Structure formats: C-alpha cells, structure tokens
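>>> Here is my input, please return the structure:
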Amino acid sequence: MPTREAIERVVERVRRTPLAARIPDGWEQLTDLPFTVKDDLREHYPLGLVTVPHDQLRRIHASSGTRGKPTVVAYSQHDLDVWTEVMAYCMTMAGVRPGMVVHNALGYGLFTGGLGFHMGAERIGALVIPASGGVTTRQALLLRDLGGQVLCATPSYALHIAQGLREAGIEDLELRIGMFGAEPWTEAMRAQIEAELGLTALNMYGLSEIIGPGVAAECPEARDGLHVMEDHFAVEVVDPATGAPVPDGTDGELVFTTLTKEAMPLLRYRTGDIASLTREPCPCGRPFARMSAVRGRRDDMLIIRGVNLYPSQIEDVLLGVEGVSPHYQLIVERPQHLDELTVLCEGRGPDLARRVKHAIREQTGVNVRVQVRPMGEIPRSEGKAVRVIDRR
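Residues are numbered from 1 along each chain as shown. Here you go, the predicted model:
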C-alpha cells in the first residue's frame, strides 16, 4: 500500500475540485476515503475535475461515450512524462529493446491506446510504425516489408491481422513479441494468437481515467498476472456490491488511486473491471503486486436463468471446441420474463452447433441457443470487439 504521505499529496490535489466536500477530515488510511466513479467525470464534464490552470494542459483524451457522455481526461506535461515512463517500463519488461521495429496497430486519436504505445516505444529507442487500425491488407504488407518484431493491438484485431496474413499468403515474419489489451481475452485466445502469429503474447492493462495503457503488464518470465506500476498507481480490489475490500486471490472490482498524476488525480476510482490481486513473489523478481487478467466488466456480466456469466467464459469454451473460429457475438434478449442468450459463432465441422451448445452447458451450466454462421460473416473489429448485442 502507498505511504500516507503519497495519499496526502493526492488528497491535497483532489481538494481543489468539486469532489472536495466528500473527503472526511479525520481519515487515517486509503480505505477511509470515498470512491470516485465514472458518473463523477460525466457530472463535471468536460474539465470540471482539472486541478491545474488550463494553460498547463498539453493533451486531451476521451472514452468513446457509447454508454453516455464521454469521459474526458486531461494531461499536463508531467502526466505525459509519467505515462511515457510507465509505458517504456512495461514494454522493456516485455522484451522491447532499442532498434526493434514496433508495429502499432492500436487506434490513434482520443483513444489512449495508440499514442500510449507510441510514446513508450520511442522512449526506449525503438522504431515505431504507426499503422493504427484498419486496412488489414496493408497491415500484413507492412509487417512483412518493414520487418515488424513487436505487434501492439487488441487481441481480436491481432487475429484479424493473422487472417489477413493467411489470405495474402505471407509467412516467415520477424514477429517476436505481441502486446495486447483494451478488451478481456482468455488463455485460449492467447494460444491461438501465438500459434497463428508465432510470437509471445503478453497482456497489457490500462484505462484513460487513470493514465491509459501502462497501468499494469505481464512479464514474459511468468505470464501469471500483470505487474501493477505501484510507484504511480495504488491498487485495491473490492466487492462490486458493497465496496468492501476482498482478500487477495478473490475476484472483485479493481480500484485505482493515481499517486503522481497532476491534471486529473483520482481517489479510489472504481474501474468496473473484475479481477483479483496477488502479492506472492513472481519468478521474475519484480516486487509489484500482480492483478489477474480481467475476467470481464461489472456491467457486462450477464444473468442467464439465474447464472452469472461473463463473455470471456463463453470465449474460453468456444476456443476449446474443435473447428470453431475465435470470432463470435452474444445476443441477449428477453422474450418473456427471463433473459435468453444466443451465441453466434463461425466454424467448420460436423454437428458444430450441438457440440458448442453441449460444451457451454457442461462448463457454465447454462442452456443457450447456438447459431453457426459461415466463415467471415461475424464482423471483425479494428479496435475493441463488440461481443454483446443487448436487445432487451
């Protein structure tokens, strides 16, 4: 846990915002302080929580706003330097070295992904190819012709790139490292990405409200949890329903406090992401706490006939069924009193729908409808994959 002095510095900054009235005078430790949630950023949209003069701001990023007002995040030069530092650390930990060719297929713009990896790679001294997302045939050509050694993308788009490489007949790439994030993904998807692209796939985690990518990352030595950059971010896991802390090793909602951020510091920000923490020593020797891979989002959890279900659980099952591709969508409907789930997937092979339905029932206890579509029919994503279509 961070020192009281570190927390006091954050509290002093937050007292300059409209959230100051929430902070109790007699607080003793981090857990005495109030949570911050996404609605706080929306209520004070666009820049009501900024704590520095506006002439000290150097960058704005924002969420997509698909579930309401976008959450706008402001950065000072100090914040951009911190972001670059944590990204360079995470990428160096992954094995990126000066002179390596980094193919960055994450989106540039208000989304933090593309620019975060770009700044970190340049700080290391790598050569960055700012491919961004889209035009997958061009991605394949650039990877071959410019000798990409590191691929940065969402995991779903990495598989789309792999499909583009197959269709173009491109083989014998120089890829060694893949750094993937921005959406939950499973060990089964990791195995498929590695098999198709011939690289070591590593998980990255971040969110724009805290800094962007670079909040936590896997080490290649263990690939058993993501090291949280605790010099800059205090991490907790709480019960999503009550907000009470949960023991290490127990799934709950990730909560972060920014320890070094200037322009928009946040106290105990509830991310909505479900994961667990461990402070057991890592074989790599790094001392940071490790978070598990994100299981899903609190608001993406489905309740199908009384069973709690995350999209990543369906993905894990699908990728274990022979003949099924990694592209899928979940359709949630409520024709009468209970929610019902239809799984759209692609694949080839005999009796595929029955086998998928049986595998899902065996591993989750849920009966679902399964529709197998022709290969290529389910939309591919150039950014975060749209996994759930809610028709309720």
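
>>> mind checking how far the closest residue in space to residue 177 that isn't next to it in sequence is from residue 181?
Once flanking residues are discounted, residue 177 sits nearest to residue 150: 4.6 Å by CB to CB, 6 or more residues apart in numbering. For glycine as for every other residue, the C-beta is placed from the backbone atoms N, C-alpha and C. Here the criterion is CB to CB, to the nearest Å. By it, residue 150 lies 14 Å from residue 181.

>>> Then residue 268?
Residue 268 sits 23 Å away from residue 181, going by CB to CB.

>>> how about the CA coordinates for whichever strand in the chain runs longest, as PDB?
Across the chain, the longest stretch assigned as strand under DSSP state E is strand 324-333. Provided in PDB are the C-alpha atoms of strand 324-333 (Å, rounded to 0.1, in the frame of the first residue of the first chain):
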ATOM      1  CA  VAL A 324     -14.700 -23.100 -34.100                       C
ATOM      2  CA  SER A 325     -13.100 -19.800 -35.000                       C
ATOM      3  CA  PRO A 326     -12.300 -17.100 -32.400                       C
ATOM      4  CA  HIS A 327     -14.900 -14.700 -33.800                       C
ATOM      5  CA  TYR A 328     -18.300 -14.600 -32.000                       C
ATOM      6  CA  GLN A 329     -21.100 -12.400 -30.800                       C
ATOM      7  CA  LEU A 330     -23.600 -12.900 -27.900                       C
ATOM      8  CA  ILE A 331     -27.200 -11.800 -28.400                       C
ATOM      9  CA  VAL A 332     -29.200 -11.100 -25.200                       C
ATOM     10  CA  GLU A 333     -33.000 -11.000 -25.400                       C
END
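
>>> roughly how far out does that strand sit from the chain middle?
Offset of strand 324-333 from its chain centre (CA atoms, centre = their mean, to the nearest Å): 19 Å.

>>> what does it contact?
Strand 324-333 has contacts (CB atoms under 8 Å, 6 or more residues apart in numbering) with 156, 159, 189, 192, 302, 311, 314-315, 318-319, 339-347, 352, 356, 375, 378-380, 386-392.

>>> Paired strands for it, with orientation please.
Applying DSSP bridges, strand 324-333 is found paired with strand 340-347 (antiparallel), strand 388-390 (parallel).

>>> ok now the longest one, how far from the chain's centre?
Strand 340-347 sits 23 Å away from the centroid of its parent chain (CA atoms, centre = their mean).

>>> change the start of the numbering to 727 and stick with it
Yep, numbering from 727; the last one is strand 1066-1073 now.

>>> can you pull the buried residues of it?
By neighbour count with 16 or more other CB atoms under 10 Å, strand 1066-1073 contains the buried residues 1066, 1067, 1069, 1070, 1071, 1072, 1073.
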